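*Asks:* The amino acid sequence is not available; the structure is as follows:
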């Protein structure tokens, strides 16, 4: 009698199976789970592996070189006796300038249902207006609030447009929370880029001296004024660092102001160069506990030393200044700065105010588009929809005309303008977003 034994086939799994790489050189660890020996090789010269293979489960590092050409795709092939599997690496290419001049003519149209992208959103602090917003897809929206009488700031998560918050996160003394960025990262987490190292003042914690990239963790509180990966811009007197990021074109925009000077200052950087800056010790003198309007703020002014990336160590791709304008002359920045955005070849500037008019308000907002050197690409354009109080009331935005511009986003050929609305002192505050096609 002959007895035969069949050896079970070997299995091998790779995690992750895809890698999305930035333009700069980098690497990522890949977990290989295997029941026997295997080999690994790459299909492209710009890809390499830390080992030729292994016997059993192991970790292999996949590395790639910098890419100054177009987006490219490479394969990493894992083979074993009787089988094979692939890992795909997609690396972003060099910056591709915008191929169109934005069309803002839609901003002149009267308010309509098609213009309302999101309406009536209630955030965690129900009687405080939003300061910033962003969304990573149709079911992940993030908003920020920075109350003027509180040492805490708040991030709210909403699972879609026109849907109230379902979770929130608390920050202590980070800043006014203007101009946040939401990032759906490769590690599966969401990160919020926001103000940090805020300082006490008549409008709560503002005049922040840095910005940070922090993981959104529902129900948690971050104390100490900063957390995560923190960035500074060591320019004398500059504060209110407000960040915008274009992940597709790998651009980072920082806007600042200087106390006593009637300008807004803007720097555009290569995002990958900024992320690859070395960490260094930075010391900031942070003003705390000096404003009587902020309740339960028993802190005192302190000197903080921490690790940060200093954007002053980079050469910017562009820099310009916007001087304070005149309302009577119809000039840019005659109303309050309410947000800015970098997208492709352009920098967008959003301004506006809700101006008291007896017991009601007149609301005004404008958008101006610049190139990286401050040349006007699209002249200052009014958002006419919020100048019609009757229309805003009929569409359920505000009964008294209060619609203050708060934050902006440019995504996939569309312009999104945030509005903070309410119906009078002591009433709930609602967050709204209007949308316009710009191609």
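*Replies:* Arrived safely, thanks for sending. Being a predicted model, the structure only gives us computed values, none of them experimental.

*Asks:* List the buried residues of stretch 282-293.
*Replies:* Within stretch 282-293, the residues that qualify as buried by neighbour count (16 or more other Cβ atoms under 10 Å) are 282, 284, 286-288, 291. C-beta here means a position set from N, CA and C on the backbone, and glycine is covered the same way.

*Asks:* Output the residues you listed in a markdown table; the columns should cover distance to residue 240.
*Replies:* Converted to a markdown table, these look like this (distance: Cβ to Cβ, whole Å):
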| residue | distance to residue 240 |
| --- | --- |
| 282 | 17 |
| 284 | 14 |
| 286 | 14 |
| 287 | 13 |
| 288 | 16 |
| 291 | 16 |
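
*Asks:* Among the residues you listed, which lie within strands?
*Replies:* When DSSP state E defines the strands, the subset of those inside them is 282, 284, 286.

*Asks:* show me the contacts for residue 382.
*Replies:* Neighbouring residues of residue 382 by Cβ atoms under 8 Å, 6 or more residues apart in numbering: 107-108, 364-366.

*Asks:* Please report which of those residues has the highest neighbour count.
*Replies:* Note: the member of those with the most neighbours is residue 365, at 28 neighbours, neighbours being other Cβ atoms under 10 Å.

*Asks:* what's the helix or strand for that residue?
*Replies:* Assigning secondary structure by DSSP states H and E places residue 365 in strand 360-370.

*Asks:* for stretch 349-358, which positions count as buried?
*Replies:* Residues of stretch 349-358 classed as buried: 349-354 (neighbour count, 16+ other Cβ under 10 Å).

*Asks:* Roughly how far does the most centrally placed residue in the chain sit from residue 149?
*Replies:* With distances taken as Cα atoms, centre = their mean, the residue of the chain nearest its centroid is residue 181 (1.3 Å). Residue 181 sits at a distance of 26 Å from residue 149 (criterion: Cβ to Cβ, to the nearest Å).

*Asks:* Check what pLDDT residue 431 gets.
*Replies:* At residue 431, the predicted lDDT confidence score is 96.

*Asks:* Report the beta-bridge partner residues of it.
*Replies:* Partner residues in beta bridges with residue 431: residue 121, residue 420, with DSSP bridges as the criterion.

*Asks:* Quick one: residues contacting it.
*Replies:* Contacts here follow Cβ under 8 Å, 6+ apart; on that basis residue 431 touches 118, 121-123, 129-130, 133, 143, 406, 418-421.

*Asks:* For it, give its distance to residue 161.
*Replies:* With distances taken as Cβ to Cβ, residue 431 is found 10 Å from residue 161.

*Asks:* How about residue 62?
*Replies:* According to Cβ to Cβ, residue 62 and residue 161 sit 38 Å apart.

*Asks:* Pick out whichever of these two has more residues nearby.
*Replies:* When neighbours are counted by other Cβ under 10 Å, residue 62 and residue 161 differ, and residue 62 comes out ahead with 22 against 17.

*Asks:* can you list contacts of the helix or strand containing residue 264?
*Replies:* When secondary structure is defined using DSSP H and E, the element that contains residue 264 is strand 263-270. When contacts are defined by Cβ under 8 Å, 6+ apart, strand 263-270 is touched by residues 233, 238, 250-258, 311, 314, 316-324, 333, 337, 340, 342, 347, 349, 370, 372, 374.

*Asks:* so how far is the next helix or strand after it from its chain's centroid?
*Replies:* Going down the chain from strand 263-270, the next helix or strand is helix 271-275, by DSSP H and E. Averaging C-alpha positions (Cα atoms, centre = their mean, to the nearest Å) puts helix 271-275 14 Å from its chain's average.

*Asks:* Please apply the same query to stretch 365-381.
*Replies:* Here stretch 365-381 is found 20 Å from its chain centre; the criterion is Cα atoms, centre = their mean.

*Asks:* ok, residues contacting it?
*Replies:* Under the criterion Cβ under 8 Å, 6+ apart, external residues in contact with stretch 365-381 comprise 101-102, 104, 107-108, 266, 268, 317-322, 330-332, 335, 338, 345-352, 382-383, 386, 403, 405, 408, 415, 417, 419.

*Asks:* What mean pLDDT does it get?
*Replies:* For stretch 365-381, the mean confidence score works out to 97.

*Asks:* Likewise for stretch 38-52?
*Replies:* 96.

*Asks:* Same check on stretch 394-413?
*Replies:* Stretch 394-413 shows a mean pLDDT of 96 in the predicted model.

*Asks:* can you check stretch 289-300 too?
*Replies:* Along stretch 289-300, the predicted confidence averages to a pLDDT of 91.

*Asks:* That'll do, ta.
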